[in-house]
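Chemist: The amino acid sequence is not available; the structure is as follows:
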């Protein structure tokens, strides 16, 4: 469940920090890289840790994985695996889960004699420094998923992580041009709620965008849209590798949503479709819609695409107090109807 998200670089192509609550294999994430934290050289599957979950669910023993890039001997204290699909024994993905990741990275921390954390670098600086190095090695990871690093077995209080995490996001994204999404997840909602509130406070955004909204009055539209999403991959098989439908499908399978989750997932889907239609690998949604307009795409389809884009921007960008508005069921119906038309009419003429 997406609790909060914001655009790190409004006006540019999608670059977001997301907070997702839930167990990793229940979130439906499609990531290029999964990040794990561990003590230096110690990958014991302690009960309740992500290290244990990966071993139990996927057969992945972190200590036995080969390393495509090993920086544990320098200040970074991190390493990254080769593509998991190329391993002699690829991971087995849990039945019924659409969560997949292409590689694993581990950031290590030193431990004092008393067992407490003794790292000279805050852990999220380690992560962003690693991400900045990867493109130089020909390793590209646009979507990165990470728990609240060091908050598990290393027992760092989550609140201690927040200032550095947000600081890294403000400056770190600029130094990692490849990075489009950083997804921070956790099974404990309380910690993520505190971070979500911190984000809202820094952005000056009303927390109302995170309130759960029932879709009871929109149930017929929701079910129709869910059917379109589920059939979209069969109708357009060449798109399945480039356009992730699972996260929005997972969201709409429930009878209630948060506007921020609906807006961010819908805008992301539309951006991927526009890029694919134009043959672009990168580029912002607004620029893509301008290009479609110059190609004389049906004006009604363009207007529907803009509806989804503007709603997503509303959810992802801070607004001054005088321009804040409460999201109503009418707003949700307007956006969902536009998205329905966009999917139903693809490929657009």
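Modeler: Ah, there it is. Source: prediction; values computed, not measured. Residues are numbered from 1 along each chain as shown.

Chemist: Show me which helix runs longest in the chain.
Modeler: helix 259-278 (DSSP state H).

Chemist: Tell me the buried residues in it?
Modeler: Applying a neighbour-count criterion of 16 or more other C-beta atoms under 10 Å, one finds 259-277 buried in helix 259-278. All C-beta atoms are positioned from the backbone trio N, CA, C, and that covers glycine.

Chemist: I'd like the mean pLDDT over it, please.
Modeler: Mean per-residue pLDDT for helix 259-278: 87.

Chemist: low-scoring pLDDT stretches of the stretch 151-300 of the chain, where are they?
Modeler: For the stretch 151-300 of the chain, residues meeting the criterion pLDDT under 70 lie at 151-163, 170, 202-210, 240-244.

Chemist: how about the helices in it?
Modeler: 158-175, 189-203, 219-235, 246-252, 259-278, 285-294, 299-316 (DSSP state H, counting those that start in this stretch).

Chemist: starting at the chain centroid, how far to the fourth one?
Modeler: What that stands for is helix 246-252. 13 Å (C-alpha atoms, centre = their mean, to the nearest Å).

Chemist: For the remainder of this discussion, apply numbering that starts at 17.
Modeler: Taking 17 as the first residue, the last one we looked at is helix 262-268.

Chemist: isn't residue 103 right up against residue 84?
Modeler: No: contact status for residue 103 versus residue 84: not in contact, 11.1 Å apart, counting by C-beta atoms under 8 Å.

Chemist: which element is residue 73 on?
Modeler: Assigned by DSSP states H and E, residue 73 belongs to helix 66-74.

Chemist: what helix or strand does residue 143 sit in?
Modeler: Here residue 143 is assigned to helix 139-149, by DSSP H and E.

Chemist: what does residue 95 give?
Modeler: Per DSSP H and E: strand 94-96 holds residue 95.

Chemist: Looking at the following helix or strand past that strand now, give me its mean pLDDT.
Modeler: As assigned by DSSP H and E, the chain's next helix or strand after strand 94-96 is strand 116-125. For strand 116-125, mean pLDDT rounds to 88.

Chemist: what lines up beside strand 116-125 in the sheet?
Modeler: strand 46-55 (parallel), strand 94-96 (antiparallel) (DSSP bridges).

Chemist: just how off-centre is the last one within its chain?
Modeler: Here strand 94-96 is found 20 Å from its chain centre; the criterion is C-alpha atoms, centre = their mean.

Chemist: same check, this time on the first one
Modeler: Using C-alpha atoms, centre = their mean, the distance from the centre of strand 46-55 to the centre of the chain it belongs to is 13 Å.

Chemist: Taking helix 139-149 as reference, get the angle to it.
Modeler: 130 degrees (axes from the mean of the first three to the mean of the last three C-alpha atoms, to 10 degrees).

Chemist: Please list the residues outside strand 46-55 that contact it.
Modeler: 40, 66-67, 70, 78, 96, 114-127, 139, 143, 156-163, 165-166, 168-170, 199, 260, 262-263 (C-beta atoms under 8 Å, 6 or more residues apart in numbering).

Chemist: Pull out the buried residues from the residues you listed.
Modeler: Counted by 16+ other C-beta under 10 Å, the contacts of strand 46-55 give 40, 66-67, 70, 78, 96, 114-125, 139, 143, 157-163, 165-166, 168-170, 199, 260, 262-263 as buried.
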